[in-house]
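Enquirer: With the input below, show me the fold.
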Amino acid sequence: MEKILNVYILGQICIIILALLGLIFWDKRYRKNHGLHVPLGFEKTDEINIDPSNGKRFRVYYNSTTGERFYHEEK
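Expert: Numbering: from 1, shown residues only. Below is the predicted model of the structure:
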């Protein structure tokens, strides 16, 4: 019984660690592609995203050559 409990607790710890790593490394929606200056080659679009966690507005810029999107915070 004690061995089953240890395996269960170890499994839960692994799930929590994987979830935290996922948040740190893979959830980079706005953090990766926004900054103070819009890089060269990006065109302004009419699209605006509002971050629900803090209410900040982000203008979307698009690079037609690479297909990459850039999020610039609007003041």
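
Enquirer: By residue count, tell me the biggest strand in this protein.
Expert: strand 43-50 (DSSP state E).

Enquirer: May I have the strands that pair with that strand, each with its orientation?
Expert: strand 57-62 (antiparallel) (DSSP bridges).

Enquirer: Mark out where each domain of this structure begins and ends.
Expert: 1-29, 33-75 (automatic domain parsing).

Enquirer: Export the ones you listed to TSV and append columns for mean pLDDT and mean neighbour count.
Expert: The C-beta positions use only the backbone N, C-alpha and C, and glycine is treated the same way. Listed next are those as TSV, based on pLDDT from 0 to 100; neighbours: other C-beta atoms under 10 Å:
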stretch	mean pLDDT	mean neighbour count
domain 1-29	83	9
domain 33-75	88	13
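
Enquirer: So what touches the longest strand of the chain?
Expert: 30, 38, 56-64, 71, 74 (C-beta atoms under 8 Å, 6 or more residues apart in numbering).

Enquirer: Just the closest of these to Ala19, please.
Expert: Tyr30 (20.0 Å; C-beta to C-beta).

Enquirer: confidence score at that closest one?
Expert: At Tyr30, the pLDDT value in this model is 50.

Enquirer: what about Leu36, which SS state?
Expert: coil (DSSP: H, G, I helix; E, B strand; the rest coil).

Enquirer: start at 12 instead
Expert: All right, first residue 12 from here; so that's Leu47.

Enquirer: now the helices: where do they sit in the protein?
Expert: Listed in chain order, the helices of the chain (DSSP state H) span 13-36.

Enquirer: picking that back up, with just CA atoms, put the longest strand of the chain into CSV.
Expert: The C-alpha coordinates for strand 54-61 follow below in CSV (Å, rounded to 0.1, in the frame of the first residue of the first chain):
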residue,chain,number,x,y,z
GLU,A,54,3.4,45.9,-41.9
LYS,A,55,0.7,47.4,-39.7
THR,A,56,-2.6,45.5,-39.7
ASP,A,57,-6.1,46.5,-38.5
GLU,A,58,-6.0,43.7,-36.0
ILE,A,59,-5.8,44.6,-32.2
ASN,A,60,-5.6,42.1,-29.4
ILE,A,61,-6.5,42.9,-25.9
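
Enquirer: Cheers, nothing more for now.
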